[in-house]
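Peer 1: I would like to see how this sequence folds:
(chains A, B, C and D)
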Protein chains: 4
Amino acid sequence: MSYARELLDSYPRTVTVDASVLAAAIDAISDCAQACTADTDADLSEQDLAEMVKCIRLCLDCTDICTATGGVISRLAEYDPSTTRPLLEACVAICKSCGDECERHAHHEHCRICGQACRRCERACRELLDALK
Amino acid sequence: MSYARELLDSYPRTVTVDASVLAAAIDAISDCAQACTADTDADLSEQDLAEMVKCIRLCLDCTDICTATGGVISRLAEYDPSTTRPLLEACVAICKSCGDECERHAHHEHCRICGQACRRCERACRELLDALK
Amino acid sequence: MSYARELLDSYPRTVTVDASVLAAAIDAISDCAQACTADTDADLSEQDLAEMVKCIRLCLDCTDICTATGGVISRLAEYDPSTTRPLLEACVAICKSCGDECERHAHHEHCRICGQACRRCERACRELLDALK
Amino acid sequence: MSYARELLDSYPRTVTVDASVLAAAIDAISDCAQACTADTDADLSEQDLAEMVKCIRLCLDCTDICTATGGVISRLAEYDPSTTRPLLEACVAICKSCGDECERHAHHEHCRICGQACRRCERACRELLDALK
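Peer 2: Below you'll find the model as predicted:
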């Protein structure tokens, strides 16, 4: 069990969203933020650097948005849909764009792996959005 | 002139959005992120701590969202409305919620100042959203 | 295998540090950053809030420092000991302080879990410091 | 007067460090984090991209470390030298490395400006380290 899930199960207030969906989103976001940071750095070491610029930019955005989203959804008690929904939508959108771009470079193993992390994060954020309805 | 504006004026590609609107948003976001961090800490030192919990939570969310938004809008070249618009909407929403809550505690000078930073940031992000239409 | 490890194994340059030590540090840092964010929020919901203030402050510092350290050690190619060593030392120090404080509140299950995440992160960062010698 | 300074002057506890030195560090750190983000993106748009890789990596590290340091020094009440000193030392070191590298590319106006932000931040962090002695 991840720390995220253990911490949710020990939360002193009632958590109104399904804890397994929320923990899955927190874990996927955390992994995706790190994967995008590592992929940025790997991209910067590639021979075909000029081809990787869009991928680098999207990975940088993806790390920033995942980090913020992970923070906000880890603080549950004052859940405010007017903030959390567009933030999760932004996270879904950047994971989709970044995942698409990473897949275009899947001949680079690091992009292939990062693309998987983005897909998993996109899916987990969509599921959380559905669960918050 | 702020660094943000100077850097925009030296950008090697054409920036398609009004540079003064964009620089104002970047500066307001950066100030708001810091103000919310400082206000969180000041709140934690207050006698009426139990009254400040909602303010603390909103300030923490506001810092996280401002930090991500400031990063994303500082990277201009691959502007993607599907990501940037909901992110700016989330930033407007949290600045509004956080500004409202800070104003409720305006007898604490630090909350009054933080509320001003939130209002300015909310306005600057709305203006950027309009300029990006 | 974690994404961090998979990404290290796909890195286009030679990684001069032991990949298993580095991946363990990246994973422990990422978990610790999230655990501290979640613990902050859980602390804010406790009855004995006034007792939790120090824990909250240390957790906030710990998240910030872990996030930065995780970013820096995920970007390997320009490893600069003058930066990375004091940063890892700061990360070890905050994980120790935060872990000590969390253990003082181990009757709160969330503090007990967060304390474990801090201990694991402290140890993993020490091991990385040794490996970088 | 910056928000950082105004907030320090409204702090409910006594601040033991010189408020003008602390506020100057907070402001310089905040500007430097943003300048490095903007410079990274400008670098990615340059023709001589392969020459800019080291600059990009140092700017990414500099943003991460400045963001964490700005957070930690904005939370004053539990000042812990074992954490804050190495963190400030890491911030001084990355600002020096990043400023040196930016100056090597000062024919790019954005690097020249970013180098200035790094120098100012390095100086402000050194002054804070001295003031904390």
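Peer 1: can stretch A:32-48 be found next to chain B?
Peer 2: No - Stretch A:32-48 lies out of reach of chain B by C-beta under 8 Å from any C-beta of the partner chain, never closer than 10.5 Å. To be clear about C-beta, it is placed using only N, CA and C from the backbone, and glycine gets the same treatment.
Peer 1: Any part of that stretch near chain D?
Peer 2: Yes - Stretch A:32-48 is in contact with chain D by C-beta under 8 Å from any C-beta, via A:Thr40, A:Asp41, A:Leu44, A:Ser45.
Peer 1: Once you drop chain neighbours, what's closest to the second one?
Peer 2: Among residues not flanking A:Asp41 along the chain, C:Arg75 sits closest, at 4.2 Å (C-beta to C-beta, 6 or more residues apart in numbering or on different chains).
Peer 1: what separates that neighbour from D:Gln34, distance-wise?
Peer 2: 19 Å (C-beta to C-beta, to the nearest Å).
Peer 1: Please identify which of the two sits among more neighbours.
Peer 2: Using other C-beta atoms under 10 Å in any protein chain shown as the criterion, C:Arg75 and D:Gln34 rank with D:Gln34 on top: 26 against 21.
Peer 1: pretty sure that one is in contact with B:Arg5, am I right?
Peer 2: No - counting by C-beta atoms under 8 Å, D:Gln34 stays clear of B:Arg5, with 11.0 Å between them.
Peer 1: Take stretch A:95-110, keep the C-alpha atoms, and write them as CSV.
Peer 2: Below are the C-alpha coordinates for stretch A:95-110, written out as CSV (Å, rounded to 0.1, in the frame of the first residue of the first chain):
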residue,chain,number,x,y,z
CYS,A,95,-0.8,14.7,-19.6
LYS,A,96,-2.6,14.0,-22.9
SER,A,97,-0.4,16.5,-24.9
CYS,A,98,2.8,15.4,-23.2
GLY,A,99,1.9,11.7,-23.6
ASP,A,100,1.2,12.2,-27.3
GLU,A,101,4.5,14.0,-27.8
CYS,A,102,6.5,11.4,-25.8
GLU,A,103,4.9,8.6,-27.9
ARG,A,104,6.1,10.4,-31.1
HIS,A,105,9.7,9.8,-29.7
ALA,A,106,9.1,6.3,-28.4
HIS,A,107,12.3,5.2,-30.2
HIS,A,108,13.9,6.9,-27.2
GLU,A,109,13.3,4.5,-24.4
HIS,A,110,13.0,7.3,-21.8
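Peer 1: Do it and chain C come into contact?
Peer 2: Yes - applying C-beta under 8 Å from any C-beta, one finds stretch A:95-110 touching chain C at A:His108, A:Glu109, A:His110.
Peer 1: ChimeraX command to pick out the buried ones of these?
Peer 2: Buried subset of the residues of stretch A:95-110 next to chain C, written as a ChimeraX selection, criterion 16 or more other C-beta atoms under 10 Å in any protein chain shown:
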select /A:108,109,110
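Peer 1: Let me have the residues of stretch A:95-110 next to chain C in CSV, adding pLDDT and secondary structure as columns.
Peer 2: Output for the residues of stretch A:95-110 next to chain C, formatted as CSV (pLDDT from 0 to 100; DSSP: H, G, I helix; E, B strand; the rest coil):
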residue, pLDDT, secondary structure
A:His108, 97, coil
A:Glu109, 97, helix
A:His110, 97, helix
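Peer 1: TSV for the residues of stretch A:95-110 next to chain C, including distance to B:Met52?
Peer 2: What follows is the residues of stretch A:95-110 next to chain C, written out as TSV (distance: C-beta to C-beta, whole Å):
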residue	distance to B:Met52
A:His108	49
A:Glu109	49
A:His110	44
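Peer 1: which of the residues in stretch A:121-133 are buried?
Peer 2: Within stretch A:121-133, the residues that count as buried by 16+ other C-beta under 10 Å are A:Cys121, A:Glu122, A:Arg123, A:Ala124, A:Cys125, A:Arg126, A:Glu127, A:Leu128, A:Leu129, A:Leu132.
Peer 1: what's the closest of these to chain C?
Peer 2: A:Cys121 (10.7 Å; C-beta to the nearest C-beta).
Peer 1: Is that closest one part of a helix or strand, or is it coil?
Peer 2: helix (DSSP: H, G, I helix; E, B strand; the rest coil).
Peer 1: For it, which non-adjacent residue is closest in space?
Peer 2: A:Cys32 (3.7 Å).
Peer 1: In three-state terms, label the residue most central in space within chain A for me.
Peer 2: Chain A has A:Ile29 as the residue nearest its centroid, 3.2 Å off, counting by C-alpha atoms, centre = their mean. The three-state label given to A:Ile29 by three-state DSSP is helix.
Peer 1: Check the one 4 residues further on too.
Peer 2: On the three-state scheme (three-state DSSP), A:Ala33 is labelled helix.
Peer 1: wait, doesn't it sit right on A:Thr67?
Peer 2: Yes - the criterion here is C-beta under 8 Å, and A:Ala33 meets it with A:Thr67 at 5.1 Å.
Peer 1: picking that back up, among the buried residues of stretch A:121-133, which ones are in strands?
Peer 2: Among the buried residues of stretch A:121-133, no member falls in strands (DSSP state E).
Peer 1: Going by distance to B:Ile56, which of these wins?
Peer 2: Closest to B:Ile56 out of the buried residues of stretch A:121-133 is A:Leu132 (22.3 Å), distances taken as C-beta to C-beta.
Peer 1: returning to what we had before: please report the distance of the residue nearest to the centre of chain A from chain D.
Peer 2: Here the criterion is C-beta to the nearest C-beta, to the nearest Å. By it, A:Ile29 lies 17 Å from chain D.
Peer 1: In contact with that residue, which residues?
Peer 2: By C-beta atoms under 8 Å, 6 or more residues apart in numbering or on different chains, the contact set of A:Ile29 is A:Cys66, A:Thr69, A:Gly70, A:Ile73, A:Cys91, A:Cys121, A:Ala124, A:Cys125.
Peer 1: For the residues you listed, give me a markdown table that also has pLDDT.
Peer 2: What follows is the contacts of A:Ile29, written out as a markdown table (pLDDT from 0 to 100):
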| residue | pLDDT |
| --- | --- |
| A:Cys66 | 98 |
| A:Thr69 | 98 |
| A:Gly70 | 98 |
| A:Ile73 | 96 |
| A:Cys91 | 98 |
| A:Cys121 | 98 |
| A:Ala124 | 98 |
| A:Cys125 | 98 |
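Peer 1: Now the two most distant members of those.
Peer 2: Counting by C-beta to C-beta, the most remote pair of those is A:Ile73 and A:Cys121, 12.0 Å apart.
Peer 1: which SS state does A:Thr16 fall under?
Peer 2: coil.
Peer 1: any idea how far the closest residue in space to it that isn't next to it in sequence lies from B:Asp61?
Peer 2: Counting by C-beta to C-beta, 6+ apart, A:Thr16 lies nearest to A:Tyr79, which is 7.3 Å off, once chain neighbours are set aside. For A:Tyr79, the distance to B:Asp61 (C-beta to C-beta) stands at 10 Å.
Peer 1: more neighbours, the two?
Peer 2: Ranked by neighbour count (other C-beta under 10 Å), A:Tyr79 and B:Asp61 place B:Asp61 first, with 26 against 15.
Peer 1: Settle this for me: the more buried one is touching A:Arg75, isn't it.
Peer 2: Yes - using C-beta under 8 Å, B:Asp61 is in contact with A:Arg75, at 6.4 Å.
Peer 1: Which of the helices or strands spans the closest residue to A:Ala19 other than its chain neighbours?
Peer 2: Nearest non-adjacent residue to A:Ala19, counting by C-beta to C-beta, 6+ apart: A:Leu8, 4.5 Å away. According to DSSP states H and E, A:Leu8 maps onto helix A:3-9.
Peer 1: Counting by contacts, list what that helix packs against.
Peer 2: Applying 3 or more C-beta pairs under 8 Å, 6 or more residues apart in numbering or on different chains; DSSP states H and E, one finds that helix A:3-9 contacts helix A:19-44, helix C:19-44, helix C:109-131.
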